[in-house]
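Novice: Okay, here's the prediction I keep looking at, along with the sequence it came from:
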Amino acid sequence: MNILSIQSHVAYGHVGNASAAFPLQRLGHEVWAVNTVQFSNHTGYGAWRGPVFPPETIREVVAGVEERGVMGACDGILSGYMGEAAIGEAILDAAARVKAANPQALYCCDPVIGDVGRGVFVRPGVPEFMRDKAVPASDVATPNQFELALLTGREIATLADAKAAIEALRATGPGVVLLTSLQIDETPADAIEMLAVDGEGVWRLRTPLLPISVNGAGDATAALFFAHLLQTRSAAEALKRAASSIYGVLKATAEAGSREILTVAAQEEFVSPSRVFEPEPA
């Protein structure tokens, strides 16, 4: 498959395209990576260097790809962190161009806004753009619990809350939603959950909670889920494969005591997860 991935990029470590592209390539997919920023490292270090590319640069790169006459061969568009709302407009324009050339292509929006404990960490205007434009334009959305609550204006404390919030989000546009980093009243203290919802049903998957906090895991999760969904057209199967792989990578990262996710060292987990988790109807 061919996937156009428009995200941030770092030279050191793995977030954005530096986290999403390699897992997809390891699975045998072509990734047309368009970088929205070029930073030395992720911002979680507190200091970094490098530029945020203006929207015109994003449009220019996408136009160059389009001039190769290959947009019709693009199976999916993936977007993540948006430095500003204007970059989001360039991303939606790119998605529209791909879909015009290939109506079967899907757009996956990972609405990166913030997280529990950190709150909102994107620039003003981005949360509203995600809510009002990006997510409604998407076929697939992959928010974490904090982002789903913010996007829908709903509190998520129970499974019923989570399912209702997902349905509220689906009503705005995306037919498929993956909810990540879910910890609700029913979740054991030593576990973390994901929910995947499509037109066929709701699936829940629980994995052990690892003693780790690294950046980039969400970017890899969204990319893996999207690629498996494109291949299988099953949210349940995509959830199973993505969650199993990312758990294996994070387990290896925790055991190594690494501050950066071991995207390369633990790459076999993308192809053949050492532990497979089965989703259950929710």
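Specialist: Structure's in. What do you need?

Novice: Alpha carbons only: can I get the lengthiest helix in the chain in CSV?
Specialist: Criterion DSSP state H: the longest helix present in the chain is helix 235-256. Output of helix 235-256 as CSV, limited to C-alpha atoms (Å, rounded to 0.1, in the frame of the first residue of the first chain):
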residue,chain,number,x,y,z
ALA,A,235,-11.6,-2.5,13.1
ALA,A,236,-11.5,-5.5,15.5
GLU,A,237,-8.6,-7.1,13.6
ALA,A,238,-6.8,-3.7,13.2
LEU,A,239,-7.1,-3.2,17.0
LYS,A,240,-5.7,-6.7,17.7
ARG,A,241,-2.7,-6.2,15.5
ALA,A,242,-1.9,-2.6,16.4
ALA,A,243,-2.3,-3.1,20.2
SER,A,244,-0.3,-6.3,20.3
SER,A,245,2.6,-4.7,18.4
ILE,A,246,2.7,-1.5,20.3
TYR,A,247,2.6,-3.4,23.6
GLY,A,248,5.6,-5.5,22.6
VAL,A,249,7.6,-2.4,21.6
LEU,A,250,6.7,-0.6,24.8
LYS,A,251,7.5,-3.6,26.9
ALA,A,252,11.0,-3.8,25.3
THR,A,253,11.4,-0.1,25.8
ALA,A,254,10.5,-0.3,29.5
GLU,A,255,12.8,-3.3,30.0
ALA,A,256,15.7,-1.3,28.4
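
Novice: what mean pLDDT does that helix have?
Specialist: When pLDDT is averaged over helix 235-256, the result is 98.

Novice: So which residues lie in contact with the helix or strand just after it, not counting its own?
Specialist: Using DSSP states H and E, the next helix or strand after helix 235-256 towards the C-terminus is helix 268-271. Contact with helix 268-271 is made by 23, 26-27, 224, 244-246, 248-249, 252, 274, as judged by CB atoms under 8 Å, 6 or more residues apart in numbering. (Glycine included, C-beta is placed from N, CA and C.)

Novice: a markdown table please, covering the residues you listed and showing distance to Val264 and neighbour count.
Specialist: Formatted as a markdown table, these follow (distance: CB to CB, whole Å; neighbours: other CB atoms under 10 Å):
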| residue | distance to Val264 | neighbour count |
| --- | --- | --- |
| Pro23 | 10 | 26 |
| Arg26 | 9 | 16 |
| Leu27 | 14 | 17 |
| Leu224 | 15 | 25 |
| Ser244 | 19 | 21 |
| Ser245 | 14 | 29 |
| Ile246 | 15 | 26 |
| Gly248 | 14 | 21 |
| Val249 | 10 | 28 |
| Ala252 | 11 | 18 |
| Ser274 | 16 | 14 |
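
Novice: Now for those: which two are most distant?
Specialist: The most widely separated members of those, counting by CB to CB, are Leu27 and Ala252 (17.6 Å).

Novice: Please, where are all the strands along the stretch 1-150 of the chain?
Specialist: With DSSP state E, counting those that start in this stretch as the criterion, the stretch 1-150 of the chain has strands at 2-7, 30-35, 76-79, 106-109, 114-115, 119-120, 140-141.

Novice: what's the first one packed up against?
Specialist: So the one you mean is strand 2-7. helix 17-26, strand 30-35, helix 55-66, strand 76-79, helix 85-101, helix 217-232 (3 or more CB pairs under 8 Å, 6 or more residues apart in numbering; DSSP states H and E).

Novice: pull the helix or strand with minimum mean pLDDT from this protein.
Specialist: The weakest-scoring helix or strand in the chain, judged by mean pLDDT, DSSP states H and E, is strand 119-120 (a mean of 86).

Novice: how far out from the middle of the chain is that one?
Specialist: Centroid displacement of strand 119-120 relative to its chain, using CA atoms, centre = their mean, to the nearest Å, is 17 Å.

Novice: do the same with stretch 48-68
Specialist: That offset, for stretch 48-68, works out to 20 Å (CA atoms, centre = their mean).

Novice: Tell me which of the strands of the stretch 1-150 of the chain is the most buried.
Specialist: Sort those by mean neighbour count, taking mean count of other CB atoms under 10 Å, and strand 76-79 sits at the top with a mean of 29.

Novice: Could you list the paired strands of that one along with their orientation?
Specialist: Using DSSP bridges, the strands paired with strand 76-79 are strand 2-7 (parallel), strand 106-109 (parallel).

Novice: Turn these into TSV, columns for mean pLDDT and distance to Ala220.
Specialist: Shown next, in TSV, are the strands paired with strand 76-79 (pLDDT from 0 to 100; distance: least, CB to CB, whole Å):
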stretch	mean pLDDT	distance to Ala220
strand 2-7	98	11
strand 106-109	98	13
